[in-house]
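> dropping a prediction and its sequence here:
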Amino acid sequence: MIENNMGDTTPFVIGFLEIIFSAVESLYNGLLEKRDGLEYYRKMMEACGYFKDKISLECAYVLLQASLFSESVTENPIKL
């Protein structure tokens with residue numbers, strides 16, 4: 001019977017987990033920033049007095065969410 005030498009995979013696993021952790025941390029920080037921006041613009045929308053009824057304010061809020069959380073950076077006109 002021939003045994004295959006698989007080597008020590010520990011450094012690979014640790015390195016890969018560090019990459020995953022870094023990506024998750026970056027995503028989390030980005031979402032926190034966008035959440036803060038969403039709250040800021042929501043307050044501005046409510047305070048401006050432009051939206052006379054609740055339905056138009058809610059529609060604008062949905063559009064704001066779509067703009068802030070869109071996947072494409074080029075489609076996001078709102079700068080945080």
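Cool, got the structure.

> mind telling me what element the residue nearest the centre of the chain is part of?
Note on the chain: the residue nearest the mean C-alpha position is Leu31, at 3.6 Å, using C-alpha atoms, centre = their mean. Assigned by DSSP states H and E, Leu31 belongs to helix 10-48.

> tell me which other helices or strands that helix touches.
Judged by 3 or more C-beta pairs under 8 Å, 6 or more residues apart in numbering; DSSP states H and E, the packing partners of helix 10-48 are helix 54-68. Every C-beta, even on glycine, is put in place using the N, C-alpha and C of the backbone.

> chain center to the helix it packs on, what's the gap?
18 Å (C-alpha atoms, centre = their mean, to the nearest Å).

> what residues sit buried inside the helix holding Leu31?
Lys34, Gly37, Leu38, Tyr41, Met45 (16 or more other C-beta atoms under 10 Å).

> neighbours of Ser70, just the number please.
Look at Ser70: counted by other C-beta atoms under 10 Å, it has 13 neighbours.

> and it, helix, strand or coil?
The three-state assignment at Ser70 reads coil, by DSSP: H, G, I helix; E, B strand; the rest coil.

> if I look at Ala23, how far off is Leu32?
Distance of Ala23 to Leu32, given as C-beta to C-beta, to the nearest Å: 15 Å.

> for Gln65, what are its contacts?
Applying C-beta atoms under 8 Å, 6 or more residues apart in numbering to Gln65 gives the contacts Leu38.

> what about it, distance to Glu58?
For Gln65, the distance to Glu58 equals 11 Å [C-beta to C-beta].

> swap in Phe21?
Taking C-beta to C-beta, one finds Phe21 at 37 Å from Glu58.

> do the same with Ser26
Separation of Ser26 from Glu58 (C-beta to C-beta) stands at 31 Å.
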